[in-house]
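Engineer: Provided below for reference: sequence and predicted model.
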Amino acid sequence: MGSTFGRAFRITTWGESHGGGVGVVLDGCPPGLEISAEEIQIELDRRKPGQSKITTQRKEDDRIEIHSGLFEGKTLGTPISMMVWNSDARSKDYEEMRTKYRPSHADYTYQQKYGIRNWTGGGRASARETIGRVAAGAVARKLLAQDYGIDIIAYVRQVHTLGINIDPISVTREQVEANIARVPDAEMAEKIIDRIDAARKDGDSLGGVVEAVAHNTPPGWGEPIFDKLEADLAKAMLSLPACKGFESGSGFAGISMTGTAHNDPFYNDGSGVHTRTNYSGGIQGGISNGEPIIIRTAFKPTATILAEQETVDVDGKATTLKGRGRHDPCVLPRAVPIVEAMMALVLADHCLRQRGQRG
């Protein structure tokens, strides 16, 4: 059950990083939506490895195959099955991990949960699992854009101690894709690229923050109490590999404000009700209010590093381990399309749930 996400717009991902392939089954997509493999491939190309010197050098084409749910370029309303074949796995790089646990990775915890684990690569804990999320997210994006004009833009806001101060509402996709770091500030992007590359050369890794904005989400999406919109967004983001934190709206910064400063005053300009500020991040009472939805997701430094570290083996005996294989020195640039995909999946799910309630 842990591999399924969503209610009305529901995905189940499958596959391991060094298995035959990875994929997703998407159920609940309405019929008649025009979507092509080429549109989905655009998002997978933004996620795939080997994009630049600051990402893992594993070489995968990640060509999407659609096996069901589409006919003559339109969704049928039936389950959509999509997959990508693995072609550049190097399991020999992980031989030492057969008997040793990587610090801060999922090796030990998977062994404790299941009593067995796929020690080649990261198994299900690998970010390669997110291929299915991005493929399904591309379908969700098309649905949201076509029916509501919703546009989701994520970008790298901070890496290590380097960050940008920018109005998230002003960021464009063109700015994000203008550099390999996906930082919408050319000067800071170069500094961040140099910082990541230095960590790579040192065999180390860095974490950071991805910020995302959903424009044009209608008011009224979300459920009270346990299925609040930001609660589902938090679950979506915290389910991502290496994610350790989530904020919406003002987030933790709001604690330093008074209620007078933090409240978002309403006004009506004739086109509808709006708020003059957006500390709520587009969500109030767990339900969208029509303002841009703003979230931030924190990612830890990549667990597998090339420095020798203290660990234990499968018998609990003290030993050391130096990481091998090909890994991102910083997951942030490739996390951008994954964050966008998960945001789209949550909004598509709540979109269909709202339709079911109010038509």
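Structural biologist: Looks like it arrived, so ask away.

Engineer: Only C-alpha atoms from now on, for both contacts and neighbour counts.
Structural biologist: Noted.

Engineer: dump the residue contacts of the residue lying closest to Ser104 once chain neighbours are set aside.
Structural biologist: Nearest residue to Ser104, sequence neighbours excluded (C-alpha to C-alpha, 6 or more residues apart in numbering): Ala303, at 5.6 Å. Ala303 makes contact with 102-105, 205 under the criterion C-alpha atoms under 8 Å, 6 or more residues apart in numbering.

Engineer: Now, of these, which are buried?
Structural biologist: By neighbour count, with 16 or more other C-alpha atoms under 10 Å, the contacts of Ala303 hold 102-103, 105, 205 as buried.

Engineer: Turn those residues into a markdown table, columns for distance to Pro337, pLDDT and secondary structure.
Structural biologist: A markdown table is the format used below for the buried ones among the contacts of Ala303 (distance: C-alpha to C-alpha, whole Å; pLDDT from 0 to 100; DSSP: H, G, I helix; E, B strand; the rest coil):
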| residue | distance to Pro337 | pLDDT | secondary structure |
| --- | --- | --- | --- |
| Arg102 | 27 | 91 | coil |
| Pro103 | 27 | 93 | coil |
| His105 | 23 | 91 | coil |
| Ser205 | 20 | 95 | coil |
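
Engineer: Just give me the closest of these to Val84.
Structural biologist: Ranked by distance to Val84 (C-alpha to C-alpha), the buried ones among the contacts of Ala303 are led by His105 at 24.3 Å.

Engineer: any idea which helix or strand carries the residue found closest to the closest one once you drop the neighbours it is linked to in the chain?
Structural biologist: In space, and not counting its chain neighbours, His105 is closest to Ala303: 5.7 Å by C-alpha to C-alpha, 6+ apart. Assessed by DSSP states H and E, Ala303 sits outside every helix and strand.

Engineer: Renumber starting at 462 from here on
Structural biologist: Taking 462 as the first residue, the last one we looked at is Ala764.

Engineer: any idea how far Met698 is from Ala764?
Structural biologist: 18 Å (C-alpha to C-alpha, to the nearest Å).

Engineer: Count the residues that sit near Trp580.
Structural biologist: Using other C-alpha atoms under 10 Å, Trp580 has 20 other residues around it.

Engineer: from memory it sits against Asp568, does it?
Structural biologist: Yes: counting by C-alpha atoms under 8 Å, Asp568 is a contact partner of Trp580 at 7.3 Å.

Engineer: low pLDDT regions in the chain?
Structural biologist: The model of the chain has pLDDT under 70 over residues 462, 550-552, 786-787, 820.

Engineer: all helices of it, in order?
Structural biologist: Applying DSSP state H to the chain gives helices spanning 498-508, 568-575, 591-609, 634-637, 647-662, 690-699, 720-723, 793-819.

Engineer: out of these, which comes closest to Glu769?
Structural biologist: When the helices of the chain are compared (using C-alpha to C-alpha), the closest one is helix 647-662, at 14.9 Å.

Engineer: quick one: that closest one to helix 793-819, angle?
Structural biologist: 110 degrees (axes from the mean of the first three to the mean of the last three C-alpha atoms, to 10 degrees).

Engineer: for the helices of the chain, which one sits closest to Gly733?
Structural biologist: Of all the helices of the chain, helix 591-609 sits nearest to Gly733, with 15.9 Å by C-alpha to C-alpha.

Engineer: list the helices and strands that closest one packs on?
Structural biologist: strand 471-476, strand 482-488, helix 498-508, strand 541-546, strand 612-620, helix 793-819 (3 or more C-alpha pairs under 8 Å, 6 or more residues apart in numbering; DSSP states H and E).

Engineer: relative to helix 793-819, how tilted is it?
Structural biologist: Taking the same axes, to 10 degrees, helix 591-609 and helix 793-819 form an angle of 50 degrees between their directions.

Engineer: quick one: helix 591-609 to strand 612-620, angle?
Structural biologist: Computed by the same axes, to 10 degrees, the angle between helix 591-609 and strand 612-620 is 130 degrees.

Engineer: what comes up buried for helix 591-609?
Structural biologist: Buried residues in helix 591-609, counted by 16+ other C-alpha under 10 Å: 591-606.

Engineer: Repeat that for stretch 609-618.
Structural biologist: Using 16+ other C-alpha under 10 Å as the test for burial, stretch 609-618 gives 611-618.

Engineer: So which of those residues is the closest to Gly489?
Structural biologist: Using C-alpha to C-alpha as the measure, the one of those that approaches Gly489 most closely is Ile611, at 19.1 Å.

Engineer: Identify the residue nearest that closest one in space, chain neighbours excluded?
Structural biologist: Asn677 (4.9 Å).

Engineer: Around the one you found, count how many other residues there are.
Structural biologist: Around Asn677 there are 17 residues (other C-alpha under 10 Å).
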